[in-house]
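Undergrad: pasting the structure only:
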């Protein structure tokens, strides 16, 4: 499990007067389960991109358990992300034509780390998320099933942090409920830190901490409020 | 990675098939031109191989070779028969054979010649024996007539409205083995018979010949004789004595001839004879020499066709890059997702590169096979029509071309792969 510390982070894009994200200081403890909320354009996606190393911030530090990913090259960030981050996205980003288990294993195979143990784990994970047909093609699955495959993929390599971006947004209530529960269960099983961007109140309520973004800044943080209280 | 590519290609199979077919067609075009041109050169050179020197009346060198060696029906001016008599006695000549055209049967040209030519250019008989009498004939390997068959010659060709020579019948006595030349489709009869059929060479007709200025020359003119000419000739039709012995000792008063084929004893003799018979009245040529000049023309035509083929290949290549780049643009999110999930940049590069390269390489392979098949089909049709066997096949040069095309495809496929490699995963996911 990984802890996060952000110092003086700013992310700007050319043509914009002010940074789209500015976080002076933020810490997330290892194993903590955090919800990130905020309206459209509040900087949630940029926050996710920066903390997962998908984008390098304009300035500041993004330190995961002592390693500042903002200083890493793009290739090194790819490698770091493959080793430490499990990503779950709203649109699943599964690959049609491949089966459920092939989708789960794809990133590991591309990184050439898919050994027999990992293949066995992929099958076990699919079972544990309630999918009994690992060979089923992705395009024949329901959206809820697809998101469960995506969760299995995210936790395959026992990442230090699971980052989920609106994981229940495109699901019906029942499927959303299942996916939310699975995320919590899986992060608990792997001991991963969990960061979830969501508007799903039921999912948010299940998490330890809630950070709200507005206009690229943290406008509330339940942890700070508790400390302050 | 292979599974991912295979799944991707299965999903987009129609587009993949179109890409492979486009590349295959563009490649096949160039391959067919190259193979066909080479086969034509080799085939024609082999067909002319046994004939060292051709002598005919002054006129077109190319036509002389095409008519006398490749048996293409076309009117040739005639030279006096005394040339044949003189060459027969020339000590520098190993053998000399007259060739006379004009008639055909069932689409096969009748060629009047001597036993010397057949014996010297073909080894043995597939069946039967040499002609020994005026009414006998020997057929080439591709002539669909058995030994013993009757041949009733038509003046000119049936297609040109030629008329059957009344009362003239040859009997097939032998069939020659295949030579891969137009002579495989020829019916060979004694030159003496050809003269007699056309009312020449009989003692009693010499007078008539003399009355008709240049008559001999016109009567035996190649098949070719036009309808008008044919009408004119009908008055000169003669007959043969099927059982008459063949006389191949030619005197100075022998009828006119379109060409004689000469086998000089030495190379020096060949050059001397060529020099001697290149005068105002006669023309002596080495067939190889004429073919070389024809090949130069063929080469020019090939250059034009190759340029057209290369242009089409270039267009296909450009279209492919455009399509692929557009395709990559449409797949930005997928590529971004791959990167987001930790796929190394090199893996992304390799996936995009290999997917396109695989399709293009398949297209090139298919194109070469299609080109070979097309060239073979054209060659077969050509052989059926002309008798010349065109050796179609790949050489080291072609394999080098395959490697060059594959290398070019590898470079070309790298263009979209580099675009994918350089794509920021976050930007791609935002797309």
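TA: It's in. In this text, all values refer to a predicted model and were calculated from it rather than measured experimentally.

Undergrad: low pLDDT regions in the chain?
TA: I went with chain A, as the question did not name one. Low-confidence segments of chain A (pLDDT under 70): A:223-229.

Undergrad: Please refer instead to chain B.
TA: Applying pLDDT under 70 to chain B flags the ranges B:156-163, B:165-166, B:201-237, B:431.

Undergrad: For it, which residues are neighbours of chain A?
TA: B:1, B:3-4, B:6-8, B:10-11, B:333-334, B:337-345, B:347, B:424-426, B:429-430 (Cβ under 8 Å from any Cβ of the partner chain). (C-beta placed from N, C-alpha, C; glycine too.)

Undergrad: Looking at those, which are in helices?
TA: Counting by DSSP state H, the part of the residues of chain B next to chain A found in helices is B:3-4, B:6-8, B:10-11, B:333-334, B:337-340, B:345, B:347, B:425-426, B:429-430.

Undergrad: List the contacts of the residue in the stretch 201-350 of chain B that chain A sits nearest to.
TA: Closest residue of the stretch 201-350 of chain B to chain A, Cβ to the nearest Cβ: residue B:342 (2.5 Å). Taking Cβ atoms under 8 Å, 6 or more residues apart in numbering or on different chains, we find residue B:342 in contact with A:78-79, A:81-83, A:85, A:107, A:110-111.

Undergrad: cutoff 7 Å now
TA: The contact partners of residue B:342, by Cβ atoms under 7 Å, 6 or more residues apart in numbering or on different chains, come to A:78, A:81-82, A:107, A:111.

Undergrad: from what I can see residue A:200 touches residue A:176, true?
TA: Yes. Between residue A:200 and residue A:176 there is a contact at 6.1 Å, judged by Cβ atoms under 7 Å.

Undergrad: Could you tell me which residues touch both of those two?
TA: Residues touching both residue A:200 and residue A:176 (Cβ under 7 Å, 6+ apart): residue A:168.

Undergrad: need the residues of chain A near chain B, please.
TA: A:49, A:54-55, A:75, A:78, A:81-82, A:87, A:93, A:95-98, A:102, A:106-107, A:110-111 (Cβ under 7 Å from any Cβ of the partner chain).

Undergrad: so of these, which ones are in strands?
TA: Counting by DSSP state E, the residues of chain A next to chain B place residue A:87 in strands.

Undergrad: Can you say which of the residues of chain A next to chain B are buried?
TA: If you count burial by 16 or more other Cβ atoms under 10 Å in any protein chain shown, the buried members of the residues of chain A next to chain B come out as A:49, A:54-55, A:78, A:81-82, A:87, A:93, A:95, A:97-98, A:102, A:106-107, A:110-111.

Undergrad: And those residues, which is closest to residue B:282?
TA: Looking at those and their distance to residue B:282, the nearest is residue A:97, at 76.5 Å (Cβ to Cβ).

Undergrad: my read: residue A:53 touches residue A:77, true?
TA: Yes. Judged on Cβ under 7 Å, residue A:53 makes contact with residue A:77 at a distance of 3.7 Å.

Undergrad: the more surrounded of these two?
TA: residue A:53 (25 against 22; other Cβ atoms under 10 Å in any protein chain shown).
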